[in-house]
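Enquirer: Output the structure for:
(2 chains)
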2 protein chains.
Amino acid sequence: MTTVATEQVKNEVDTSALFGTLDAIETQPELAKFEFRVANRWMGGAHNRSIVKNFYGAGQEDTSREQAFELDAGEPAVLLGSDTGPNPAEHLLHALAACLTTSLVYVAAARGVRLTEVESRLEGFMDLQGALGLSDEYRNGFEQIKATFTIKGDAPAEKLREVVERGRQRSAVFDMVSNGVPVAVDVVAA
Amino acid sequence: MTTVATEQVKNEVDTSALFGTLDAIETQPELAKFEFRVANRWMGGAHNRSIVKNFYGAGQEDTSREQAFELDAGEPAVLLGSDTGPNPAEHLLHALAACLTTSLVYVAAARGVRLTEVESRLEGFMDLQGALGLSDEYRNGFEQIKATFTIKGDAPAEKLREVVERGRQRSAVFDMVSNGVPVAVDVVAA
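Expert: Numbering: from 1, shown residues only, chains lettered A, B, ... in the order given. Now for the predicted structure:
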């Protein structure tokens, strides 16, 4: 792939690094293997906390993060918690919003489109009769998720829509949430 | 459903409120309809932030949270970010860990099982050739997620395993991540 002769940093994304990454992976496909991880601990009731730090990628264990991230989850009072954090379903919506946004921003950078604003609102609809085991007519999770993106930038509306669409097509979390992923759960009980 | 005559608060979950909720929904199924939301804004590069506050549930708009939650996403340097937060795929793993944990804690509370420790480690494996558009052989998201739970409490190991298994069966995010959810993406481009 030839580096496009354009402003190097676009949308605060270093496009020469982006094209360099693509080139490196084309030469050494094993660099594309990544493993991400979280370690979660129950803190009582609906409160639990994940620690996020190292991961494997680009051919090595990546320990470059100086500090671990902490993510707290909880439930609101109506769901028997004390608001110690967003609830798990809200965290999932955030993961999806974040991934769609980053994907479209990187796509825009690669195509030389300068963005000035990207906002989104995600809504997920569920009937708790599923998760509470009260009715088999309802699934446990959201029946549907609606995402509405507002995007502005130095390009015609049609081009901006194309950037969102291409971002959607390349988004890791959109793929996972839309299509599902096999999840294996092992238990050590003591 | 009859309220079980047991210690009312178990695992810091108010079981009388839990059984009260189940009773209320059996009487008025429309109380089970919930809508969760996040509002996300791009902050530059791989950095974006979601705001989580109100939701709809139990028959009304719920504005009981006094403060909004903020969730930041980012990417590490090797993925062209500056570590402004966990990346979207890590947020998804957290959502899954959190939901499985809360589900099993509520199940244990309902069954009168006192837990003393719940920890989990989640790992997701992806090949970036998918998300980068370099190869159709790989999907964008994780090929597989592995979750390992360590659970301790005042019950035989077999009972604790059963609690984890029942929690998995009732988890909203486990359902969504395993089975997928239809996601509609609308765009307002300016």
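
Enquirer: So what's the model's average confidence on the one helix or strand A:Asp186 maps to?
Expert: Counting by DSSP states H and E, the element that carries A:Asp186 is strand A:183-189. For strand A:183-189, mean pLDDT rounds to 97.

Enquirer: got the CA positions of that strand in PDB?
Expert: Provided in PDB are the C-alpha atoms of strand A:183-189 (Å, rounded to 0.1, in the frame of the first residue of the first chain):
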ATOM      1  CA  VAL A 183     -18.300 -17.500  24.700                       C
ATOM      2  CA  ALA A 184     -16.800 -20.300  26.800                       C
ATOM      3  CA  VAL A 185     -17.400 -20.100  30.600                       C
ATOM      4  CA  ASP A 186     -15.200 -22.100  32.900                       C
ATOM      5  CA  VAL A 187     -15.800 -22.300  36.700                       C
ATOM      6  CA  VAL A 188     -13.400 -22.900  39.500                       C
ATOM      7  CA  ALA A 189     -15.700 -23.400  42.600                       C
END
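
Enquirer: For it, which strands pair with it and how are they oriented?
Expert: strand B:144-153 (parallel) (DSSP bridges).

Enquirer: contacts for the strand holding A:Asp186?
Expert: Strand A:183-189 has contacts (C-beta atoms under 8 Å, 6 or more residues apart in numbering or on different chains) with B:96, B:100, B:144-152, B:157-158, B:160-161, B:164-165, B:168, B:174, B:177-178. Every residue, glycine included, has its C-beta placed from N, CA and C.

Enquirer: buried set for that strand?
Expert: For strand A:183-189, burial by neighbour count (16 or more other C-beta atoms under 10 Å in any protein chain shown) applies to A:183, A:185, A:187, A:189.

Enquirer: Repeat that for stretch A:116-131.
Expert: Buried residues in stretch A:116-131 (16+ other C-beta under 10 Å): A:118-124, A:126-131.

Enquirer: which non-adjacent residue is nearest A:Ala24?
Expert: Leaving out its chain neighbours, the residue that sits closest to A:Ala24 by C-beta to C-beta, 6 or more residues apart in numbering or on different chains is A:Leu31, at 5.8 Å.

Enquirer: Next one: the one you found, what pLDDT does it get?
Expert: Here, the pLDDT recorded for A:Leu31 equals 96.

Enquirer: ok but it is inside a helix, no?
Expert: Yes - checked against DSSP: H, G, I helix; E, B strand; the rest coil, A:Leu31 lies within a helix.

Enquirer: Identify the residues contacting it.
Expert: A:24-25, A:57-59.

Enquirer: Quick check: the farthest pair among these?
Expert: A:Ala24 and A:Gly57 (12.0 Å; C-beta to C-beta).

Enquirer: Of those two, which one has the most company?
Expert: Each of A:Ala24 and A:Gly57 has its neighbours counted (other C-beta atoms under 10 Å in any protein chain shown); A:Gly57 has more, 19 against 14.

Enquirer: Just list whatever residues bridge to that one.
Expert: A:Gly57 has these beta-bridge partners by DSSP bridges: A:Gln60.

Enquirer: From chain B, how far off is A:Thr116?
Expert: A:Thr116 sits 9 Å away from chain B, going by C-beta to the nearest C-beta, to the nearest Å.

Enquirer: burial of the closest residue to that residue other than its chain neighbours, as a residue count?
Expert: Leaving out its chain neighbours, the residue that sits closest to A:Thr116 by C-beta to C-beta, 6+ apart is A:Lys152, at 4.8 Å. As a burial measure, A:Lys152 scores 15 neighbours (other C-beta under 10 Å).

Enquirer: tell me the pLDDT at A:Lys152?
Expert: On pLDDT, A:Lys152 comes in at 98.

Enquirer: would you list every one of the strands in chain A?
Expert: Assigned by DSSP state E, chain A shows strands spanning A:9-10, A:13-14, A:33-44, A:47-52, A:55-57, A:60-62, A:69-73, A:115-127, A:144-153, A:183-189.

Enquirer: any chance of those strands in a markdown table, with distance to A:Ala109 too?
Expert: As requested, the strands of chain A are exported to a markdown table (distance: least, C-beta to C-beta, whole Å):
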| stretch | distance to A:Ala109 |
| --- | --- |
| strand A:9-10 | 4 |
| strand A:13-14 | 4 |
| strand A:33-44 | 20 |
| strand A:47-52 | 25 |
| strand A:55-57 | 20 |
| strand A:60-62 | 22 |
| strand A:69-73 | 24 |
| strand A:115-127 | 8 |
| strand A:144-153 | 11 |
| strand A:183-189 | 32 |
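
Enquirer: To B:Ser82, which of the ones you listed lies closest?
Expert: Here strand A:13-14 is closest among the strands of chain A (C-beta to C-beta), at 10.3 Å.

Enquirer: Any regions of chain A where pLDDT drops low?
Expert: Low-confidence segments of chain A (pLDDT under 70): A:1-7.

Enquirer: Longest helix in it, by number of residues?
Expert: helix A:88-110 (DSSP state H).

Enquirer: Taking the buried residues of stretch A:116-131 together, which two end up most distant?
Expert: Longest span within the buried residues of stretch A:116-131, C-beta to C-beta: A:Val118 and A:Gln129, 35.7 Å.

Enquirer: hang on, the earlier thing: out of the contacts of strand A:183-189, which end up buried?
Expert: B:96, B:100, B:145-147, B:149-151, B:160-161, B:164, B:168, B:174, B:177-178.

Enquirer: now, which of the residues you listed sits nearest A:Thr84?
Expert: B:Leu100 (16.7 Å).

Enquirer: Nearest residue to that closest one in space, ignoring adjacent ones along the chain?
Expert: Nearest residue to B:Leu100, sequence neighbours excluded (C-beta to C-beta, 6+ apart): B:Ser171, at 5.2 Å.
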